[in-house]
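Here is a sequence with its predicted model. Questions after.
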Amino acid sequence: MHTIDELNSILSEADCLINEAQLNEALDKMAEQISGDLAEKMPLVICVMNGGLLPTAALLQRLQFPLELDYVHASRYGLETTGSDLNWTRYPQTEFKGRDVLIVDDIFDQGHTVEAIIKWFEANGAKNVYSATVVNKLHDRKVEMRPDYIGLDVEDRFLFGYGMDYQGYFRNLQGIYAVKGK
Ligand SMILES: O=P(O)(O)OC[C@H]1O[C@H](OP(=O)(O)OP(=O)(O)O)[C@H](O)[C@@H]1O
Ligand code: HPA
């Protein structure tokens, strides 16, 4: 359990790596690329909860063409997770067989989450599966694939804000922060 004072000091000591203006610029570019590729395809956009909530909303506001929205909740099991083991707590409810699907998440870190979700949609009949993440963390512990649309590269630190949580908190921030010393 954290106190409000502890949480406020985590935030006040953190480094802001990406501010709101930089986020907006990156999201504008992503939306432009996505619109170029998908505007005629009536895609199904999939928000990966919980981290994908803010990025999905921000992209949808910028995508002015016919699309449908659904969400999945699939997260990695704790620290011991290896490979693509995901704990699915919500599968999509919208028909996606034969359709173009766009997966939206906050971060491409090691990449197991996005990779496994893409594979699941492909294995279950999606036509083309695209993926978009606001940030890509720079390190060499990654899966081989990369998302089709990436907002910004970011250094290898523990991040929070704009979808990403620090022990459950701070997903709501309009910027991306790194915990002091981590
Ligand atoms: O690229 P990876 O190394 O797989 O990590 C990225 C994933 O980790 C976080 O989700 P998490 O499983 O913590 O669930 P959450 O979205 O509910 O925070 C984040 O939202 C991505 O989905
Ligand atoms: O750096 C991170 N912060 C929060 N959640 C995450 N999930 C993967 N990487 C991160």
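Now that the structure is in, tell me what you want to look at. Ligands and ions are numbered 1, 2, ... in the order given.

Please save the CA atoms from the helix ranked longest in the chain in CSV.
The residue-count maximum for a helix in the chain (DSSP state H) belongs to helix 20-38. What follows is helix 20-38, C-alpha atoms only, in CSV (Å, rounded to 0.1, in the frame of the first residue of the first chain):
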residue,chain,number,x,y,z
GLU,A,20,2.1,16.2,-23.6
ALA,A,21,3.1,18.2,-26.8
GLN,A,22,5.5,15.4,-27.8
LEU,A,23,2.8,12.8,-27.2
ASN,A,24,0.3,14.7,-29.3
GLU,A,25,2.8,15.1,-32.2
ALA,A,26,3.6,11.4,-32.1
LEU,A,27,-0.1,10.4,-32.0
ASP,A,28,-0.8,12.8,-34.9
LYS,A,29,1.8,11.0,-37.0
MET,A,30,0.6,7.5,-36.1
ALA,A,31,-2.9,8.4,-36.9
GLU,A,32,-1.9,9.8,-40.3
GLN,A,33,0.0,6.5,-41.1
ILE,A,34,-2.9,4.4,-39.8
SER,A,35,-5.4,6.4,-41.8
GLY,A,36,-3.3,6.0,-45.0
ASP,A,37,-3.3,2.2,-44.5
LEU,A,38,-6.7,1.5,-43.0
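
and for the helix or strand following it, what are the contacting residues?
Downstream of helix 20-38, the next assigned helix or strand under DSSP states H and E is strand 44-49. Identification of contacts with strand 44-49 by C-beta atoms under 8 Å, 6 or more residues apart in numbering yields 53, 56, 59-60, 63, 67-74, 90, 92, 94, 96, 99-105, 113-114, 117, 121. Backbone N, C-alpha and C define where each C-beta goes, glycine included.

Up against ligand 1, what does the chain have?
Within the chain, the residues that sit near ligand 1 (C-beta under 6 Å from any ligand atom) are 48, 50-51, 75-76, 105-113, 165.

Of those, which count as buried by neighbour count?
Buried by 16 or more other C-beta atoms under 10 Å: 48, 50-51, 75-76, 105-109, 111-113, out of the residues of the chain next to ligand 1.

Check those and tell me the two furthest apart.
Taking C-beta to C-beta as the measure, those span a maximum distance of 18.2 Å, between N50 and G111.

Wait, R146 touches F108, no?
Yes: between R146 and F108 there is a contact under C-beta atoms under 8 Å: 7.2 Å.

shared neighbours of those two, which are they?
Common neighbours of R146 and F108, using C-beta under 8 Å, 6+ apart, are N136.

Please tell me how far I34 sits from Q64.
11 Å (C-beta to C-beta, to the nearest Å).
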